[in-house]
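**Student:** Sharing a model prediction with you, sequence too.
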Amino acid sequence: MAVIKSFEEIESWKESRILCSFVYKSLTSKKDYSYNDQLKRASVSIMNNIAEGFERHTNKEFKQFLYIAKGSSSEVRSMSLLGLELGYFSKSDSDYIYSQTVKISKLLPGLIKVL
């Protein structure tokens, strides 16, 4: 198995960065600042917890941060469904956010198991 030398190599981090960029770009014209802020913070939390956990250099701490990232992924998924109901997202945008969070949520347990 290859050794990961930086968090930028972690697949779940790469996917969360893509998700985060999409979320930010999708919310530029939305006026519900509270909703926007919460969704942005939750999406950033996914990628930043993966990065921060990696940099802790202990498996125990890394796992804890990965569990937090997994929780934030569920929060983003939940908020994307609410955004769809409120008309903040098109069905395709909501589906994309939903599928990205599912993908990330499936990648994280594999990384946790390896640790």
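**Tutor:** Nice, I can see it.

**Student:** I'd like to know which elements the helix or strand that residue 109 is a member of is packed against.
**Tutor:** If you go by DSSP states H and E, residue 109 is part of helix 91-114. Judged by 3 or more Cβ pairs under 8 Å, 6 or more residues apart in numbering; DSSP states H and E, the packing partners of helix 91-114 are helix 11-26, helix 59-85. Every C-beta, even on glycine, is put in place using the N, C-alpha and C of the backbone.

**Student:** Could you export those helices to CSV, including columns for distance to residue 45?
**Tutor:** CSV is the format used below for the helices and strands packed on helix 91-114 (distance: least, Cβ to Cβ, whole Å):
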stretch, distance to residue 45
helix 11-26, 9
helix 59-85, 4
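
**Student:** What is the burial count for the closest residue to residue 8 other than its chain neighbours?
**Tutor:** The shortest distance from residue 8 to any non-neighbouring residue, by Cβ to Cβ, 6 or more residues apart in numbering, is to residue 14 (7.5 Å). Residues lying near residue 14 (other Cβ atoms under 10 Å) number 16.

**Student:** Just the buried residues of the helix holding residue 109, please?
**Tutor:** 93-94, 96-98, 100-101, 103-105, 107-108, 111-112 (16 or more other Cβ atoms under 10 Å).

**Student:** for stretch 37-56, same thing?
**Tutor:** The neighbour-count check on stretch 37-56 (16+ other Cβ under 10 Å) flags 39-40, 42-54 as buried.

**Student:** Check stretch 77-84 too.
**Tutor:** Using 16+ other Cβ under 10 Å as the burial criterion, the residues of stretch 77-84 that qualify are 77, 79-80, 83-84.
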